[in-house]
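A.B. asks: Sequence plus the predicted model coming up.
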Amino acid sequence: MRIYLETYGCTRNKADAEMIEALLLRANHEIVDLDSAEYAIVNTCAVKDPTEKHMVKRIKELLDSGKKVIVTGCLPHINLQAIDERVSGILGVKSLDRIIEAIEIAERGGKLVSVEGWKDRNIDKLELPRVWKSGVVFVVPISEGCLNACTYCATRFARGVLRSYRPELIVKWVKDAINRGYKEIQLSSEDTGCYGFDIGTNLAELLDEITAIEGDFRVRVGMMNPNNAIKILDEIIEVYKNEKIYKFLHLPVQSGDNEILRKMGRTYTVEEFEEIVREFRKHIDNLNLNTDIIVGFPGENEEAFQHTVELIERIKPDKINVSRFSPRPGTLAAKMRDQIVGWRVKERSRYLHRLRLAISYEINKKYVGKEILVLTHNEGKKGGIEGRTMNYKDIILPEAPVGEFMKVKVTKATSTYLLGEIIS
């Protein structure tokens with residue numbers, strides 16, 4: 001069959017898509033562009049309400065164009081009823097190994113729906129094949145699911161409770177990627193901070209094994225939640241000193257108010273979050289701190305919002321990912337009283353966005369004139385070559401070979417990226 005694959009969402013979803021593609025190719029199906037395809041596989045994301053609406057609309061567009069559509073990813077777990085009944089198959093995130101079966105059933109006029117009972121399907125995805133795309137970056141999932149019970153999160157309905165992959169399998173994939181010429185390894189998970197808690201190890205021990213691999217490469221550690229990061233704080237800071245680890249920390253705080261954190265089901269305090277940031281900055285030079293904020297959570301009054309603003313002004317993150325609260329089906333937060341009116345949520349979001357840009361610009365300006373090491377990635381969307389500094393800041397160069405470590409001088413800064421030139 002001629003099949004088109006379209007994927008959305010996080011790096012984890014992109015890794016899942018490469019597994020689906022490899023399974024299709026192994027079964028002698030052909031991966032083609034949309035116009036040539038008989039089937040369209042949509043690997044969905046549904047973390048937010050606007051994202052879900054886009055997924056539903058896209059599935060309908062593909063069906064209306066005459067394509068047979070199979071839906072995979074998180075949407076089937078989060079809102080199965082939202083999926084157009086005309087689709088030819090529906091697979092949950094732990095059923096992607098059934099993609100060939102789904103096509104065969106569809107060809108016979110049936111419809112495989114493999115969503116229910118997903119908790120009992122403990123497939124080890126690192127034992128599935130992957131396609132090796134050309135490029136600089138390779139994503140390695142290290143676990144699936146998490147140990148948290150955030151009251152606003154629907155992703156846990158799809159990914160479930162933590163299941164860490166075996167360290168030896170992770171290390172094997174990293175070694176294979178390095179041997180194939182990849183220069184950046186992205187460790188992906190719903191929460192890297194709790195990796196290994198279910199199998200008697202932890203993230204720091206895994207990173208020790210990965211950094212011991214021979215080769216010139218860098219590792220980007222994915223998001224870790226504060227309540228888990230603080231449990232291994234000394235160990236993780238020590239391994240972060242290794243030159244193969246990007247000095248990049250994605251530590252979502254979500255709110256600067258302890259009462260709101262309690263209502264969110266976030267099992268840490270603002271003070272603990274700040275302790276982690278303080279210790280990282282004490283021991284890791286030029287740390288690139290990213291955090292996430294949800295504005296407009298039920299019960300967030302003006303005082304609570306101001307606590308968030310004050311926290312951001314104190315810690316001055318390099319980047320803030322600001323999200324407006326979006327009630328998701330089946331979550332406790334969707335049923336809470338004191339929902340915030342839309343216009344106020346937008347107002348707070350815009351305020352934090354302006355604050356974020358101002359802080360980011362002040363930080364980035366300090367890089368102008370400095371000579372730094374950069375790993376070049378790919379052609380930029382607006383021209384030039386995009387790269388990453390050793391603390392994972394985005395930098396644009398006029399021209400450069402891709403996939404190389406290069407000495408660069410920073411010539412200009414914006415709120416979202418740096419500009420530079422190669423030092424001859």
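C.D. replies: That came in fine, so what should we check first?
A.B. asks: any residues touching stretch 74-86, and which ones?
C.D. replies: For stretch 74-86, contacts defined as CB atoms under 8 Å, 6 or more residues apart in numbering pick out 9, 13, 44-47, 52, 55-56, 59-60, 63, 69, 71, 90-93, 115, 118, 154-155, 157-159, 328-330. Heads up, the C-betas are built off the backbone N, CA and C, glycines and all.
A.B. asks: Which among these count as buried?
C.D. replies: Buried positions within the contacts of stretch 74-86, assessed by neighbour count (16 or more other CB atoms under 10 Å), are 9, 13, 44-47, 52, 55-56, 59, 63, 69, 71, 90-93, 115, 118, 154-155, 157-159, 328.
A.B. asks: What sits closest to residue 177 if chain neighbours are left out?
C.D. replies: residue 138 (4.0 Å; CB to CB, 6 or more residues apart in numbering).
A.B. asks: Residue 38 now?
C.D. replies: Closest to residue 38 by CB to CB, 6+ apart is residue 2, at 5.0 Å.
A.B. asks: Beyond the helix or strand where the residue nearest to residue 177 lies, next helix or strand please.
C.D. replies: Here residue 138 sits within strand 137-141, counting by DSSP states H and E. The helix or strand immediately downstream of strand 137-141 is strand 143-144, counting by DSSP H and E.
A.B. asks: Now that following strand: average pLDDT?
C.D. replies: Strand 143-144 shows an average pLDDT of 90 in the prediction.
A.B. asks: Likewise for stretch 396-403?
C.D. replies: Mean pLDDT, stretch 396-403: 91.
A.B. asks: Give me the contact list for that stretch.
C.D. replies: Applying CB under 8 Å, 6+ apart, the set of residues contacting stretch 396-403 from outside is 135-136, 181, 183, 374-380, 384-387, 406, 408, 417-422.
A.B. asks: Repeat that for stretch 128-141.
C.D. replies: By CB under 8 Å, 6+ apart, stretch 128-141 touches 11-12, 14-15, 18-19, 21-23, 25-26, 96-97, 125-126, 165, 170, 173-174, 177, 180, 182-189, 375-378, 402-403.
A.B. asks: For that stretch, give the distance from the opening residue to the closing one.
C.D. replies: From its first residue to its last, stretch 128-141 covers 12 Å (CA to CA, to the nearest Å).
A.B. asks: and what of stretch 20-37?
C.D. replies: Termini of stretch 20-37 sit 16 Å apart (CA to CA).
A.B. asks: so where's this protein shaky on pLDDT?
C.D. replies: The chain contains residues with pLDDT under 70 at 117-122, 424.
A.B. asks: any idea how it splits into domains?
C.D. replies: The chain breaks down into these domains under automatic domain parsing: 2-120, 134-365, 371-422.
A.B. asks: Need the phi and psi values for residue 342.
C.D. replies: The phi and psi values for residue 342, taken as degrees, to the nearest 10, are phi -60, psi -40.
A.B. asks: any idea how far it is from residue 324?
C.D. replies: With distances taken as CB to CB, to the nearest Å, residue 342 is found 8 Å from residue 324.
A.B. asks: Between the two, which has more neighbouring residues?
C.D. replies: residue 324 (17 against 10; other CB atoms under 10 Å).
A.B. asks: Please report the distance of the more buried one from residue 347.
C.D. replies: Residue 324 is 10 Å from residue 347, where distance means CB to CB.
A.B. asks: Tell me, how many residues neighbour the residue nearest to residue 177?
C.D. replies: Quick note: residue 138 (other CB under 10 Å) scores 23 neighbours.
A.B. asks: Across the sheet, point out what pairs with it.
C.D. replies: residue 185 (DSSP bridges).
A.B. asks: Could I get the full set of strands for the stretch 101-250 of the chain?
C.D. replies: Under the criterion DSSP state E, counting those that start in this stretch, the stretch 101-250 of the chain contains strands at 112-114, 137-141, 143-144, 163-164, 184-188, 218-221, 248-250.
A.B. asks: In the strand holding residue 138, which residues are buried?
C.D. replies: For strand 137-141, the neighbour count (16+ other CB under 10 Å) marks 137, 138, 139, 140, 141 as buried.
A.B. asks: Fine, thanks again, bye for now.
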